[in-house]
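Asks: Requesting a structural model of the entry that follows:
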Amino acid sequence: MDQDPDSGPCGLGDLPQEILLHISSYLDLSALNALTQLNHSTFALLISSLYKLDAQQSSQALCWAAIHNHAQIAHASISAGADVTTVSDQAHLIKGCSPLMLAAYHGSLAVLSLLLLHPDTNPNSRDRKYIRPPITWAIKHRHAPIVRALLKDDRTDPNLQDKFGDTALMTAVTLRPEMIPVLLSSGSRVDPRVSNTQGSTALSRASQRGIDVDLILASHLRFILNGDESPAHCQHVFFYAAISGQLEIVEYLVTYFGDRLDPNGVSGSAIVNGNATANGNGTINGHGHGNGNGHGHGHGHSHSHSNGSNGLHGRGAFSIAVERGHRSVVEYLLTWSKTDPNLSDSWKHQCPLLVASMAGDEEMVSTLKNCERVDLLNPDVAGTTPLHAAVERNHISIVNLLLRGPRVADVNARNSSGQTPLFIAVLQDHVELVVVLLEAGADPRLKCAEGLTALDQGVQWCTNRKATMVLRDYMLKL
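Replies: From the prediction side, this is the model:
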């Protein structure tokens, strides 16, 4: 019999709803998804079944919603029983991510806020490769609203470390300095004392990179006021306050904790978390604590023996404050009997006055010279005195400072080669300094270790230079 041309073929969408529901119960996820997309009627009928099946198998819908910030799909998926602690590899660059981590990574605030309402959500889960928690990924990708939302949740531990030992704060210091205020505005929950596997703290890293340390120092001070008055912590804060020119903090620490501080010492040790590894559920292996849902906070603080001062060559807070030109801090520390203003570094044995003279810092040289405890002749490993250094670099104002006033440098001091500053001025052809040194009493008849005078060396190496000729004319008048 011929089919009625107006009726058309009978498709799946024309089947009774009871039959469609029965069929859907035998389909896998991909087949059910295809059937759901057949038309509006099948979508309305089967979408709940699709979410339930997805929740039973993989919770892919929730992960997709987290990536694309689709709150409606996320809500439907959670309502259907999706596992908010499921682990997905849907992200391109990181693997083993929970829906919350995907939301934090992609900046999906609406979905993240929805997930945080769920009691089983773990805001401290980690990815498999970098072992980073959601808050650190949010910092790395500049998602400030995500960071604020996570910090408002009491379950979030902002001090968790990744596989390098870096916390969210350390990541902000290293990669995203503009995110530091976002983290530290949360109060004392962010712990700046935590150091990474290299022994660096956020404070030491920020100072090394020339980043403003005011907020980090303030955070450290909160911990001191709240009871962490250990010598190591106080020294750490004092050191970086001094080398950053924070006079008020230096004065406060010296006044109340001076017995625990060393202005000649390095930065002191910091607190470090014990273990940064995590298992598939995001709990911390080792010193962490967690429950059956995979919530882990990973505390297990221990004291690190690293002071984060590699490359300082034994230079203490005072020496570096001099080098960085923080005159107010230097003036204050010079009044403290604990300060050794002549302490040399462990590499070239350069004292603070020598460093300031080399740099041509007239104000700093004046400050140091006016302190009776400062040795004006303190040489480095090559016997170079501050006057030698200033002459070599043609710092005329520094030379005049060192040679005038109630306390003056020895104009005839010798380096390890037996050369006086006059030798250096002649060999460098610093004509004006030759005159200044001679007027200050430099003896042109003195000989170096080779048995030569400054004029002899000038004739040997710099015959036609003006400085040699000036010295020759001076000698002829003797």
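Asks: Residue 458 - how many residues pack around it?
Replies: Applying other CB atoms under 10 Å, we find 25 residues neighbouring residue 458. (Glycine included, C-beta is placed from N, CA and C.)
Asks: Past the helix or strand that contains residue 148, which element shows up next along the chain?
Replies: Per DSSP states H and E, residue 148 falls inside helix 144-152. Using DSSP H and E, the helix or strand that follows helix 144-152 in sequence is helix 168-175.
Asks: Take stretch 68-81, keep the C-alpha atoms, and write them as CSV.
Replies: Output in CSV follows, covering the C-alpha atoms of stretch 68-81 (Å, rounded to 0.1, in the frame of the first residue of the first chain):
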residue,chain,number,x,y,z
HIS,A,68,33.7,27.9,29.6
ASN,A,69,32.1,29.6,32.7
HIS,A,70,28.7,28.2,31.9
ALA,A,71,26.9,28.4,35.3
GLN,A,72,23.6,26.9,34.0
ILE,A,73,25.2,23.7,32.8
ALA,A,74,27.3,23.5,35.9
HIS,A,75,24.2,23.8,38.1
ALA,A,76,22.3,21.2,36.1
SER,A,77,25.3,18.8,36.2
ILE,A,78,25.7,19.2,40.0
SER,A,79,21.9,18.8,40.5
ALA,A,80,22.2,15.5,38.6
GLY,A,81,24.8,14.3,41.0
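Asks: sorry, back to before: now the helix holding residue 148 against helix 168-175, angle please.
Replies: Inter-element angle recorded for helix 144-152 and helix 168-175: 160 degrees (by axes from the mean of the first three to the mean of the last three CA atoms, to 10 degrees).
Asks: which helices and strands does helix 144-152 pack with?
Replies: helix 99-106, helix 109-116, helix 134-140, helix 180-184 (3 or more CB pairs under 8 Å, 6 or more residues apart in numbering; DSSP states H and E).
Asks: The last one: which residues count as buried?
Replies: The reference is to helix 180-184. Buried residues in helix 180-184, counted by 16 or more other CB atoms under 10 Å: 180, 182, 183, 184.
Asks: Take the residues you listed and lay them out in CSV including pLDDT and distance to residue 88.
Replies: Below are the buried residues of helix 180-184 laid out as CSV (pLDDT from 0 to 100; distance: CB to CB, whole Å):
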residue, pLDDT, distance to residue 88
180, 97, 31
182, 96, 27
183, 96, 27
184, 94, 32
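Asks: rewinding a little: closest one to residue 72 among the helices and strands packed on helix 144-152?
Replies: Comparing the helices and strands packed on helix 144-152 against residue 72 with CB to CB, the closest turns out to be helix 109-116 (9.2 Å).
Asks: Show me the residue sitting in the middle of the chain in space.
Replies: Using CA atoms, centre = their mean, the residue of the chain that lies closest to the mean C-alpha position is residue 205, 3.0 Å off.
Asks: For stretch 153-170, give the mean pLDDT please.
Replies: If you average the pLDDT over stretch 153-170, you get 97.
Asks: tell me which residues in it are buried?
Replies: Quick answer for stretch 153-170 (16+ other CB under 10 Å): 153, 156-162, 165-170.
Asks: Among the helices and strands packed on helix 144-152, which comes closest to residue 81?
Replies: helix 99-106 (13.6 Å).
Asks: then that closest one to PDB, C-alphas only?
Replies: Extracted C-alpha coordinates of helix 99-106, given in PDB (Å, rounded to 0.1, in the frame of the first residue of the first chain):
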ATOM      1  CA  PRO A  99      36.300  21.300  38.200                       C
ATOM      2  CA  LEU A 100      37.300  24.000  40.600                       C
ATOM      3  CA  MET A 101      40.800  24.100  39.400                       C
ATOM      4  CA  LEU A 102      39.600  24.300  35.800                       C
ATOM      5  CA  ALA A 103      37.400  27.200  36.800                       C
ATOM      6  CA  ALA A 104      40.300  28.900  38.600                       C
ATOM      7  CA  TYR A 105      42.700  28.300  35.700                       C
ATOM      8  CA  HIS A 106      40.300  29.700  33.100                       C
END
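Asks: contact partners of it?
Replies: Helix 99-106 is contacted from outside by 59, 62-63, 65-69, 74, 84, 86, 88, 90-91, 94, 97, 108-109, 111-112, 115-116, 121-123, 125-127, 133-135, 137-138, 141, 143, 146, 150, using CB atoms under 8 Å, 6 or more residues apart in numbering.
Asks: ok, residue 88 - how many residues close by?
Replies: Residue 88: 20 neighbours (other CB under 10 Å).
Asks: Quick check: which element contains the residue lying closest to it once chain neighbours are set aside?
Replies: Distances taken as CB to CB, 6 or more residues apart in numbering put residue 63 closest to residue 88, at 4.2 Å, once the chain neighbours are dropped. Element membership of residue 63, judged by DSSP H and E, is helix 60-68.
Asks: pLDDT on that helix, on average?
Replies: 90.
Asks: Start at 53, not 1
Replies: In the new numbering, first residue 53, that becomes helix 112-120.
Asks: Please point out which parts of stretch 142-155 sit buried.
Replies: Quick answer for stretch 142-155 (16+ other CB under 10 Å): 143, 146, 148, 149, 150, 151, 152, 153, 154, 155.
Asks: Look at residue 384 and tell me its secondary structure.
Replies: Three-state call for residue 384 (DSSP: H, G, I helix; E, B strand; the rest coil): helix.
Asks: Check the gap between it and residue 369 for me.
Replies: 11 Å (CB to CB, to the nearest Å).
Asks: same deal with residue 270?
Replies: As for residue 270, its distance to residue 369 is 19 Å (criterion: CB to CB).
Asks: Those two: who's more crowded?
Replies: Ranked by neighbour count (other CB under 10 Å), residue 270 and residue 369 place residue 369 first, with 26 against 13.
Asks: Run a quick neighbour tally on the closest residue to the more buried one other than its chain neighbours.
Replies: Distance criterion CB to CB, 6+ apart; nearest residue to residue 369, sequence neighbours excluded, is residue 294 at 3.8 Å. If you count neighbours by other CB under 10 Å, residue 294 ends up with 29.
Asks: in which helix or strand would I find the residue nearest to the centre of the chain?
Replies: Going by DSSP H and E, residue 257 is part of helix 254-261.
Asks: Can you find the helix or strand in the protein with the smallest mean pLDDT?
Replies: strand 354-355 (a mean of 35; mean pLDDT, DSSP states H and E).
Asks: Now the helix holding residue 200: buried residues?
Replies: Quick answer for helix 196-204 (16+ other CB under 10 Å): 196, 198, 199, 201, 202, 203.
Asks: didn't residue 405 look like it was pressed against residue 422?
Replies: No: using CB atoms under 8 Å, residue 405 makes no contact with residue 422, being 11.3 Å away.
Asks: Pick out whichever of the two has more residues nearby.
Replies: Using other CB under 10 Å as the criterion, residue 405 and residue 422 rank with residue 405 on top: 29 against 14.
Asks: ok, now how distant is the residue nearest to residue 140 from residue 382?
Replies: 57 Å.
Asks: Please apply the same query to residue 441.
Replies: 18 Å.
Asks: Repeat that for residue 428.
Replies: In this view, residue 428 and residue 382 are 16 Å apart by CB to CB.
Asks: Which one of the two is surrounded by more residues?
Replies: A direct count of neighbours by other CB under 10 Å for residue 428 and residue 382 places residue 382 higher, at 26 against 19.
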